[in-house]
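>>> next input, structure requested:
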Amino acid sequence: MRKKINLKIAISVWLLTVLWLFSGSVIAQTRPISGRVTDVNKRPLPGVVVNVKGTNASASTNERGDYVINGKTGDVLVFRMLGFQRVEIMVGTSNTVDVTMAADNKGFYLQRFQALLKSLESVEPKSDSASR
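Numbering: from 1, shown residues only. Next up is the predicted model:
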């Protein structure tokens with residue numbers, strides 16, 4: 001009789017342990033997280049680098065601003081692009097994380113790029129009549 005009780009307890013403890021281990025792996029399971037990255041005017045941003053903070057997982061957005069990266073609930077996605085402010089968003093239960101990035105008006109390279117564009121606007125094409 002005592003052996004039967006000990007066997008039942010051992011089986012119960014084993015089952016509870018297996019269920020506990022399984023439930024932990026289901027909660028921490030990675031899944032594809034996707035979304036679209038746009039600027040404040042809702043234009044897609046191609047070439048944005050997306051990382052899962054604290055890991056080597058990385059992706060970048062395509063020409064439509066879309067990305068896909070593997071992550072799990074609680075992970076922090078970091079979005080970076082030259083000329084834009086860095087954005088960090090924690091992954092929730094949704095498989096979709098859309099992001100709007102604002103321009104970084106303080107960035108050195110953005111100021112240089114804007115100066116280059118301004119100088120190109122002032123260049124006028126050569127007239128054919130002047131070369132004759």
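>>> low-confidence stretches in the chain?
1-5, 7, 10, 12-28, 107-110, 123, 128-132 (pLDDT under 70).
>>> nearest the geometric middle of it, what residue?
residue 50 (3.8 Å; C-alpha atoms, centre = their mean).
>>> any idea how far residue 124 is from it?
Taken as C-beta to C-beta, to the nearest Å, the spacing of residue 50 relative to residue 124 amounts to 41 Å. Any C-beta I mention is one placed from the backbone N, CA and C, and that applies to glycine too.
>>> could I get the full set of helices for this structure?
For the chain, helices defined by DSSP state H occupy the ranges 2-27, 108-121.
>>> what are the phi and psi values for residue 104?
In terms of degrees, to the nearest 10, the main-chain angles of residue 104 are phi -100, psi 90.
>>> is it true that it touches residue 87?
No: checked against C-beta atoms under 8 Å, the pair residue 104 and residue 87 is beyond contact range at 11.0 Å.
>>> what sits in contact with each of these two?
Residues touching both residue 104 and residue 87 (C-beta atoms under 8 Å, 6 or more residues apart in numbering): there are none.
>>> report how many residues lie close to the closest residue to residue 63 other than its chain neighbours.
Counting by C-beta to C-beta, 6 or more residues apart in numbering, residue 63 lies nearest to residue 46, which is 4.7 Å off, once chain neighbours are set aside. Applying other C-beta atoms under 10 Å, we find 13 residues neighbouring residue 46.
>>> on that earlier part again, gap between the residue nearest to the centre of the chain and residue 82?
In terms of C-beta to C-beta, residue 50 sits 14 Å off from residue 82.
>>> my guess is residue 52 meets residue 74, correct?
No: using C-beta under 8 Å, residue 52 makes no contact with residue 74, being 10.6 Å away.
>>> start and end of stretch 85-94, how far apart?
24 Å (C-alpha to C-alpha, to the nearest Å).
>>> nope, stretch 57-76 is what I meant
11 Å.
>>> residue 98: neighbour count?
Going by other C-beta under 10 Å, the residues that sit close to residue 98 add up to 13.
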